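In: Quick check, what structure comes out for this input:
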Amino acid sequence: MKRCLAVGIALAALCGASTLAHARPPTVVNSPGYDARLQESRKALSASPTAAAPASASVAKPKRSKKKHAN
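Out: Here you go, the predicted model:
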């Protein structure tokens, strides 16, 4: 009897804990003000001319390793 009760309580606790995993934080909801600012900033970035020259990448010299001589 005690074993059956313990199994039932453990099963109830497991089911109760699994329902908590489906809860979402309130930050998941879309914010109209944030979306408007985001679209505005993206529009400003796409409208600005980007004439930046790419930085010249320094070319690394290949490392020379000593060759092993066959005996």
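In: and the lowest-mean-pLDDT helix or strand in the chain, what does it pack onto?
Out: Sorting the helices and strands of the chain by mean pLDDT, DSSP states H and E puts helix 2-20 at the bottom, at a mean of 78. Applying 3 or more Cβ pairs under 8 Å, 6 or more residues apart in numbering; DSSP states H and E, one finds that helix 2-20 contacts no other helix or strand. Any C-beta I mention is one placed from the backbone N, CA and C, and that applies to glycine too.
In: where in this protein is pLDDT low?
Out: 16-29, 48-58, 71 (pLDDT under 70).
In: Strands of that one, start to end?
Out: With DSSP state E as the criterion, the chain has no strands.
In: In it, mark out all the helices, start to finish.
Out: Counting by DSSP state H, the chain has helices at residues 2-20, 32-47.
In: what's the shortest one in contact with?
Out: Contacts made with helix 32-47 from outside it, assessed by Cβ atoms under 8 Å, 6 or more residues apart in numbering, are absent: no residue qualifies.
In: which of the residues in that helix are buried?
Out: Residues of helix 32-47 classed as buried: none (neighbour count, 16 or more other Cβ atoms under 10 Å).
In: start the count at 15, not 1, going forward
Out: Let's use 15 as the start, then, which means that last one is helix 46-61.
In: Please save the CA atoms from that helix in PDB.
Out: What follows is helix 46-61, C-alpha atoms only, in PDB (Å, rounded to 0.1, in the frame of the first residue of the first chain):
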ATOM      1  CA  PRO A  46       4.700  47.300 -31.200                       C
ATOM      2  CA  GLY A  47       7.000  50.000 -30.000                       C
ATOM      3  CA  TYR A  48      10.100  47.800 -30.300                       C
ATOM      4  CA  ASP A  49       9.100  46.500 -33.700                       C
ATOM      5  CA  ALA A  50       8.600  50.100 -35.000                       C
ATOM      6  CA  ARG A  51      12.000  51.100 -33.700                       C
ATOM      7  CA  LEU A  52      13.600  48.000 -35.200                       C
ATOM      8  CA  GLN A  53      12.100  48.700 -38.600                       C
ATOM      9  CA  GLU A  54      13.100  52.300 -38.400                       C
ATOM     10  CA  SER A  55      16.700  51.500 -37.600                       C
ATOM     11  CA  ARG A  56      16.900  48.900 -40.400                       C
ATOM     12  CA  LYS A  57      15.500  51.400 -42.900                       C
ATOM     13  CA  ALA A  58      18.100  53.900 -41.800                       C
ATOM     14  CA  LEU A  59      20.900  51.400 -42.200                       C
ATOM     15  CA  SER A  60      19.800  50.400 -45.600                       C
ATOM     16  CA  ALA A  61      19.400  54.000 -46.800                       C
END
